[in-house]
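Colleague: sequence first, predicted coordinates after that:
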Protein chains: 2
Amino acid sequence: MPRSIKHCRACGAAVSYRTPADDNRDRATCTACATIHYENPLNVVGTLPVWQDKVLLCRRAIEPRRGLWTLPAGFMELGESTAAGALRETIEEAGAHVEMLGLYTLLNVVRVGQVHLFYRARLLDTEFDPGPESLEVQLFSEADVPWPELAFRTTRTTLELFFADRRAGSYGVHALDIT
Amino acid sequence: MPRSIKHCRACGAAVSYRTPADDNRDRATCTACATIHYENPLNVVGTLPVWQDKVLLCRRAIEPRRGLWTLPAGFMELGESTAAGALRETIEEAGAHVEMLGLYTLLNVVRVGQVHLFYRARLLDTEFDPGPESLEVQLFSEADVPWPELAFRTTRTTLELFFADRRAGSYGVHALDIT
């Protein structure tokens, strides 16, 4: 578990990692004002935008995995829902116009303390506008997906599930762990 | 949006809220070492444990909402999946023995920056052991659920969906916003 907190966000004094009386794991605890600082997993929210038989991917302009392909996604922000965050990232990274459909995948990436949530989305047109985090935005049919050049396993898993579900004719909600 | 961070967790110096060059919202930024501190929504994970025609509820021993009834749930921790966290909370708060079933509800509580995720679970027996966060643990049939004494809207919504789905004979996955 990370021990990345050195100082108290409330008063600036040094913290020490100790287990609070009513708790069962170590927390960064301020040695001056006793404020406890919790560290918790983060949500990454995104979409799987579809146009006819094609899916939209973005080629990353930023690290990590610069130059590789990903579904539009990013960290969920305070003040938004998971779906609103997924839509925001789709606009920011692809400039795409979509109708949001249902929640599609919930993928635990425990090793990095993240939960990735993807929504299916219907593209309303094929006008894109790659944002500063994308080198390019492109539609791919299943046969053309650049599988060896995908940036993240959660993108790969979501695409694999989508093409399998499409063949089966029914889209469920998939909750899986990426190990 | 909260502005709860006063000091840098890396070096202890004061932060100021400003928008980084490659960003579009204010972040707590260290005035000394330039570390950026992000604040993001938290996941609350829990279960809806079922025994025959009854559901399990816990009466809260802690604030907020001490004395009111809730499904077993709590903040997701680093190092665990959503399902593992939901199971852990079920053990900690109810001492219940369950078989985890599927993801059932994803409920955005935007106002407080939380996403609540409940899994359906099958109780393996009726031996419970209320943890320090619970005053008591009890099984309720639909007619006996203490609706006016439920602690949280996400508990109420999850129970309402469950009883409706049970009548309909089919349990989906429900993604909703609590407004």
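Modeller: Thanks, I have the structure now.

Colleague: isn't A:Ala96 up against A:Val50?
Modeller: No: look at A:Ala96 against A:Val50 with Cβ atoms under 8 Å: they stay out of range, at 10.7 Å. Just so you know, the C-beta spots here come from the backbone N, C-alpha and C atoms, and that holds for glycine as well.

Colleague: pLDDT weak spots in chain A?
Modeller: Where chain A drops to pLDDT under 70, the residues are A:1.

Colleague: now with 90, please.
Modeller: Applying pLDDT under 90 to chain A flags residues A:1-4, A:22, A:24, A:179.

Colleague: just give me the neighbour total for A:Ala164.
Modeller: By the measure other Cβ atoms under 10 Å in any protein chain shown, the count of residues near A:Ala164 is 10.

Colleague: give me the element it is part of.
Modeller: Using DSSP states H and E, A:Ala164 sits within helix A:153-168.

Colleague: show me what that helix is in contact with.
Modeller: A:44, A:48, A:55, A:57, A:69-71, A:73, A:104-105, A:107, A:109, A:116, A:118, A:120, A:142, A:145, A:147, A:150, A:171-172, A:174, A:176, A:178 (Cβ atoms under 8 Å, 6 or more residues apart in numbering or on different chains).

Colleague: how far is stretch A:35-43 from where the chain is centred?
Modeller: Distance of stretch A:35-43 from the chain centroid (Cα atoms, centre = their mean, to the nearest Å) equals 18 Å.

Colleague: where along chain A do the helices fall?
Modeller: Counting by DSSP state H, chain A has these helices, from start to end: A:82-94, A:153-168.

Colleague: about what we covered before: from the contacts of helix A:153-168, list the ones also adjacent to chain B.
Modeller: Among the contacts of helix A:153-168, proximity to chain B is found for A:Gly172 (Cβ under 8 Å from any Cβ of the partner chain).

Colleague: among the contacts of helix A:153-168, which lie within strands?
Modeller: A:44, A:48, A:55, A:57, A:69-70, A:73, A:104-105, A:107, A:109, A:116, A:118, A:120, A:174, A:176 (DSSP state E).

Colleague: picking up where we left off before, quick one: buried ones out of the contacts of helix A:153-168?
Modeller: Burial by neighbour count, judged by 16 or more other Cβ atoms under 10 Å in any protein chain shown, picks out A:44, A:48, A:55, A:57, A:69-71, A:73, A:104-105, A:107, A:109, A:116, A:118, A:120, A:145, A:150, A:174, A:176, A:178 from those.

Colleague: center of chain A, which residue is that?
Modeller: Closest residue to the average C-alpha location of chain A: A:Val44 at 2.6 Å, with Cα atoms, centre = their mean.

Colleague: now the residue lying farthest from the centre of chain A: phi and psi?
Modeller: Most distant residue from the mean C-alpha position of chain A: A:Ala32, 36.3 Å away (Cα atoms, centre = their mean). Backbone torsions for A:Ala32, taken as degrees, to the nearest 10, come to phi -100, psi -50.

Colleague: where's it relative to B:Arg9, distance?
Modeller: Going from A:Ala32 to B:Arg9 by Cβ to Cβ, to the nearest Å gives 14 Å.

Colleague: A:Gly79 now?
Modeller: Distance of A:Gly79 to B:Arg9, computed by Cβ to Cβ: 22 Å.

Colleague: give me the more crowded residue out of the two.
Modeller: Neighbours per residue, other Cβ under 10 Å: of A:Gly79 and B:Arg9, the larger number sits with B:Arg9, 21 against 14.

Colleague: residues touching the more buried one, list them.
Modeller: Counted by Cβ under 8 Å, 6+ apart, B:Arg9 has contacts A:Ser4, A:Ile5, A:Lys6, A:His7, A:Cys8, A:Arg9, A:Ala28, A:His37, B:Thr35, B:His37.
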